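Participant: Fold the following.
(one chain, ligands or ions: 1)
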Amino acid sequence: MPIVDSETGPAPGPLEVRTMDARSLKLTMGTLALFAFTLIAASCGSSSSPTSPSPAPGGGGGGGGVTADVPITINGMNGNQSFSPDPATAKVGQTVAWRNADSITHTASADGGAFNTGNIAPGATSSPITMTAAGSFGYHCQIHPSMVGTLNVTQ
Ligand SMILES: [Cu+2]
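Facilitator: Predicted coordinates:
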């Protein structure tokens, strides 16, 4: 008996679907208008978004070379006078790069391993290193451990 009941259930279904069709047709007209409006609004919003970031990369790329927020110069093997400025100061999120003004290869390597430029050839500048944590970082040249400096990173 319950099986018959459930079979009777779907029977009026098609009738209801017809009514739904008529209703959904009206709905579709309204939805279409709303959709079109949303589309225009959305396209306006999305077209302005990519436009604003575009000038930024263009302006930045004009520089050509590698730029860092905080440049530090490697003067050469001179103890705690090897790097300048020393101590140097950067903020969390800023980039620091070391330029090797000497005639031999050097590195700038944090004593605790927080950062390491790797070998910087004479006249070259290291890749910019982003400072992600505040602190006072002593660093040295891995090739010439007597070369020492300090980088203070503040919030
Ligand atoms: Cu060195």
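
Participant: How about the closest residue to N116 other than its chain neighbours: which residues does it bridge to?
Facilitator: In space, N116 comes closest to S109 once its chain neighbours are excluded; the distance is 4.4 Å by Cβ to Cβ, 6 or more residues apart in numbering. (C-beta placed from N, C-alpha, C; glycine too.) S109 has these beta-bridge partners by DSSP bridges: N116, H140.

Participant: G93 against T130, yeah?
Facilitator: Yes. The pair G93 and T130 qualifies as a contact (Cβ atoms under 8 Å) at a distance of 6.9 Å.

Participant: now the helices for this structure?
Facilitator: 2-8, 13-51, 55-61 (DSSP state H).

Participant: What average pLDDT does the second one get?
Facilitator: pLDDT averaged over helix 13-51 equals 45, rounded to a whole number.

Participant: for stretch 83-101, same thing?
Facilitator: The average pLDDT within stretch 83-101 is 98.

Participant: Quick check: residues of this protein near the ion?
Facilitator: 106, 141, 143-144, 147 (Cβ under 5 Å from the ion).

Participant: hmm, try it at 8 Å
Facilitator: For the chain, the residues in contact with the ion (Cβ under 8 Å from the ion) are 74, 77, 82, 102, 104-107, 141-144, 147.

Participant: And the buried ones among the residues you listed, selectable in ChimeraX?
Facilitator: Listed next is the ChimeraX selection for buried residues among the residues of the chain next to the ion, using 16 or more other Cβ atoms under 10 Å:
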select :74,82,102,105,106,107,141,142,144,147
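
Participant: Widest-spaced pair of the residues of the chain next to the ion?
Facilitator: Using Cβ to Cβ, the two most remote members of the residues of the chain next to the ion are D102 and Q142, lying 14.5 Å apart.

Participant: can you list the domains in the protein?
Facilitator: According to automatic domain parsing, the chain comprises the domains 2-58, 66-154.

Participant: follow-up on the earlier one: run a quick check on the residue nearest to N116 versus Y139, I expect a contact.
Facilitator: Yes. Taking Cβ under 8 Å as the definition, S109 is a contact partner of Y139 at 5.8 Å.
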